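> 3D model of this:
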Amino acid sequence: MDLLLPGISTRRVPTERLTINVLEVERRTVGEPIVFVHGNVSSSLFWQYAMRDLPDTFRPIAVDLRGFGDTDPAPVDATRGLRDFSDDVLGLLEVLELDRVHLVGWSMGGGVVLQLLRDRPELVRTATLINPVSPYGFGGTKGIDGQHLDPPGLGSGAGSANPEFVQRLAVGDRTADAPVSPRAVLHSSYVKAPFTPDPDDADRWVSSMLSTRTGDDNYPGTSDVTAEWPGAVPGTRGVLNTMAPTFFRVDDLDTIEPKPPIYWIRGDSDVIVSDTSLFDLAYLGKIGAVPGWPGDELAPPQPMVAQTRHVLDRYALAGGRYEELVIADTGHSPHIEKPKEFLATLVESITEYTD
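Residues are numbered from 1 along each chain as shown. The predicted structure is shown next:
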């Protein structure tokens, strides 16, 4: 099966950092550039419908991050937070001679967009966050202001990954034989039932998930042991550790200049990025799915959505602008669950902005 939809093309672009694979719409070489950044355990393939159906006033480009898709499988230095990824995107923009771009980031890709916005706001026309990771990282914090658990990073990073899921990724499992197979996770967590992808689309998206490089330098990365529940703190290498609160924190957007508009689009039924996330060990402990939970005082669930709202409210108070746009009855992936509503929301938002 062809993984690309008709009208979508792919090419690899050498940069000073690594060679990056991008998807583009054929013969769409002019227009306002809009750069799509995928999430964890995925690739640019998830963006094809949004790219294809954008008005021709836009030039869509979807990037494969390092270690995903057909981009080089370069090691990920987690001590830089998400900057290995955001600096790669910056290198691509330089080679393509693009500035003042619309950035769209999904899940972990939302964190990449936040980091790029924090570091180089002058290059950003608008920033759109699709069910983004919290500005305080994924796991290991409490309260809307992202206070660290004790010890810092507790329960976040590579130690929170399901080992069977990692193994099934590594061997390229395409079945739905187990709840933690990539195909089963796509259906149970990336989207909300009863949405069922077309079989060809499901195969594309499973192929995208399986393009994830596994190991200590990529997904999930390394972890260290601690005596405190649940027994793990982040290591210094690999993808999941980039989002550990010990390394990733972008809560000072109120200090940047200029302050481009931020659009936060999210499904209202997300089980991955949520105040009750089924991927947060603290929440799983609270509901009894992970034994030994020490209670709300020591390891409360992370209020991911509330944390994002808190940071963006501060951005607005400092003179920036943001909108929170909720798509009803939708999970983690509004761009594939409700593509028409998602695209209309995205286009209306970013075309509202003028220089």
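
> which residues sit in contact with D56?
R28, G31 (C-beta atoms under 8 Å, 6 or more residues apart in numbering). Where you see a C-beta, it was placed from the backbone N, CA and C, and this is true even at glycine.

> how close does it get to L346?
In this view, D56 and L346 are 15 Å apart by C-beta to C-beta, to the nearest Å.

> next one: P301
30 Å.

> the more surrounded of those two?
L346 (24 against 20; other C-beta atoms under 10 Å).

> SS state for the more buried one?
Here L346 is recorded as helix under DSSP: H, G, I helix; E, B strand; the rest coil.

> next up, the contacts around it.
Counting by C-beta under 8 Å, 6+ apart, L346 has contacts A50, V104, T128, Y263, I265.

> so how far is the helix or strand where the fourth one lies off the chain centroid?
Same thing as Y263. Using DSSP states H and E, Y263 sits within strand 262-267. Offset of strand 262-267 from its chain centre (C-alpha atoms, centre = their mean, to the nearest Å): 12 Å.

> and it, which strands flank it?
Partner strands for strand 262-267, per DSSP bridges, with pairing direction: strand 124-130 (parallel), strand 322-327 (parallel).

> can you name the element that comes right after that strand?
Next element after strand 262-267 (DSSP H and E): helix 281-286.

> give me the contacts around that next one.
139, 149, 155-156, 160, 229-230, 276-278, 290-294, 296, 299-302.

> and with 10 Å instead?
Helix 281-286 is contacted by residues 139-142, 149, 154-156, 159-160, 229-232, 274-278, 280, 289-296, 298-302, 304 when judged by C-beta atoms under 10 Å, 6 or more residues apart in numbering.

> which of these are buried, as a ChimeraX select command?
Buried residues within those, by 16 or more other C-beta atoms under 10 Å, are selected in ChimeraX with:
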select :139,140,141,142,149,154,155,156,159,160,229,230,232,274,277,280,290,293,299,300,301,302,304
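
> in helices, which of the contacts of helix 281-286 fall?
M304 (DSSP state H).

> how about the strand holding Y263: buried residues?
Neighbour count says strand 262-267 has I262, Y263, W264, I265, R266, G267 buried, by 16+ other C-beta under 10 Å.

> comparing the strands paired with strand 262-267, which comes out most buried?
strand 124-130 (a mean of 24; mean count of other C-beta atoms under 10 Å).

> what is the mean pLDDT for that strand?
What strand 124-130 shows for mean pLDDT is 98.

> how about stretch 276-289?
98.

> just how off-centre is that stretch within its chain?
20 Å.

> and the strands in the stretch 101-250 of the chain?
Using DSSP state E, counting those that start in this stretch, the strands assigned to the stretch 101-250 of the chain run over residues 101-106, 124-130, 141-142, 147-148, 214-215, 219-220, 223-225, 232-234.

> thinking again about what came up before, so which of the strands paired with strand 262-267 is nearest L98?
For the strands paired with strand 262-267, distance to L98 was read as C-beta to C-beta. The smallest value, 10.3 Å, belongs to strand 124-130.

> using CSV, write down the CA coordinates of that closest one.
Extracted in CSV, the C-alpha atoms of strand 124-130 (Å, rounded to 0.1, in the frame of the first residue of the first chain):
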residue,chain,number,x,y,z
VAL,A,124,6.8,32.6,14.2
ARG,A,125,3.7,34.0,12.5
THR,A,126,1.3,32.0,14.6
ALA,A,127,1.7,28.9,16.8
THR,A,128,-1.1,26.3,16.9
LEU,A,129,-0.9,23.6,19.6
ILE,A,130,-3.0,20.4,19.0
